[in-house]
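> missing the sequence, but the structure's below:
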């Protein structure tokens with residue numbers, strides 16, 4: 001069931017989302033070649049806790065036997081890693097890498113969720129274009145995030161834009177509703193048919209997140225049960241924000 005947030009709940013959502021935005025502000029200032037992904041994880045967790053929030057991804061359990069709860073505070077995925085990369089003390093960030101970070105903060109019982117792909121130092125033209133297209137896909141999609149439109153209008157617009165730029169969208173993972181739970185209804189794929197799906201209403205809070213692959217859309221899951229990589233080794237990028245459907249234009253909650 002899709003939840004419509006009350007004014008008080010929206011205020012709580014905004015607080016959680018502000019924590020996420022401030023965490024990215026801190027990460028953007030600190031990320032550099034030579035750092036480990038584990039160091040990024042420590043920075044993010046420390047920032048969230050100082051702001052009165054809990055890193056909601058830490059200990060997240062998908063409930064599948066044999067896959068342990070997620071062990072870190074953020075997901076850090078580099079180059080051909082699409083999503084859910086696990087921070088590690090031995091994973092060093094290098095010049096020219098693109099680093100996707102997914103962060104979820106829990107504060108006052110509500111979640112804020114966003115993802116960014118950072119370009120480390122001088123990256124290739126191809127990598128830069130992929131990151132830019134992935135970000136723009138989000139902004140193209142939310143042009144349709146208006147009360148009265150259908151959910152499929154967002155999904156269709158994202159997919160069509162990505163494909164028009166010569167890239168692929170990940171089909172096995174998707175955006176989602178968000179609130180008291182990290183993942184709520186509705187599921188929001190990055191492809192679909194316009195005019196389909198639920199009608200958007202003021203008070204809905206949605207995590208819209210294009211996951212874009214430079215090559216073919218095929219993906220693989222690594223043995224850790226979490227990390228998703230491109231099958232052909234091509235680059236991937238991720239961009240996400242939590243938005244609020246209003247009577248007018250959508251409000252992006254995870255941008256300062």
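Yes, it's here. It should be emphasised that the depicted structure is a prediction, and the values quoted were computed from it without experimental measurement.
> helices and strands around the longest helix anywhere in the chain, which ones?
For the chain, the helix with the greatest residue count under DSSP state H is helix 7-30. When contacts are defined as 3 or more CB pairs under 8 Å, 6 or more residues apart in numbering; DSSP states H and E, helix 7-30 packs onto helix 37-50, strand 98-107, strand 110-119, strand 241-244. C-beta coordinates here come from the backbone N, C-alpha and C atoms, glycine included.
> buried residues of that helix, list them for me.
Residues of helix 7-30 classed as buried: 9-10, 12-24, 26-27 (neighbour count, 16 or more other CB atoms under 10 Å).
> can you classify the residue nearest to residue 236 when sequence neighbours are not counted by secondary structure?
Once flanking residues are discounted, residue 236 sits nearest to residue 82: 4.2 Å by CB to CB, 6 or more residues apart in numbering. Using DSSP: H, G, I helix; E, B strand; the rest coil, the structure places residue 82 in strand.
> relative to residue 61, how far out is residue 82?
Per CB to CB, to the nearest Å, residue 82 is found 21 Å from residue 61.
> these two: who's more crowded?
residue 82 (24 against 9; other CB atoms under 10 Å).
> check the contact between the more buried one and residue 234; I expect there is one.
No - using CB atoms under 8 Å, residue 82 makes no contact with residue 234, being 10.1 Å away.
> quick one, what contacts the residue lying closest to residue 247 once chain neighbours are set aside?
Excluding the flanking residues, the one nearest residue 247 by CB to CB, 6+ apart is residue 202, at 5.3 Å. By CB atoms under 8 Å, 6 or more residues apart in numbering, residue 202 lies in contact with 4, 147, 245-247.
> now do 6 Å
147, 245-247 (CB atoms under 6 Å, 6 or more residues apart in numbering).
> likewise residue 195?
residue 150.
> which of the helices or strands spans it?
Using DSSP states H and E, residue 195 sits in no helix or strand.
> which pLDDT does the model give it?
With respect to pLDDT, residue 195 scores 97.
> repeat that for residue 1.
Looking at residue 1, the pLDDT reads 89.
> ok, it to residue 153 distance?
Residue 1 is 21 Å from residue 153, by CB to CB.
> higher neighbour count, the two?
Between residue 1 and residue 153, counted using other CB under 10 Å, residue 153 has the larger neighbour count: 22 against 7.
> mind checking the SS state of the more buried one?
helix.
> roughly how far does it sit from residue 105?
Taken as CB to CB, the span from residue 153 to residue 105 is 28 Å.
> cool, residue 196 as well?
32 Å.
> who has more neighbours out of those two?
Remark: of residue 196 and residue 105, residue 105 carries more neighbours, 31 against 12, as counted by other CB under 10 Å.
> pretty sure that one contacts residue 20?
Yes - using CB atoms under 6 Å, residue 105 is in contact with residue 20, at 4.9 Å.
> overlap of the contact sets of the two?
Overlap of the contact sets of residue 105 and residue 20 (by CB under 6 Å, 6+ apart) consists of residue 112.
> residue 41: how many residues sit nearby?
24.
> that one contacts residue 87, correct?
Yes - in this structure, residue 41 is within contact of residue 87 by CB under 6 Å, at 3.8 Å.
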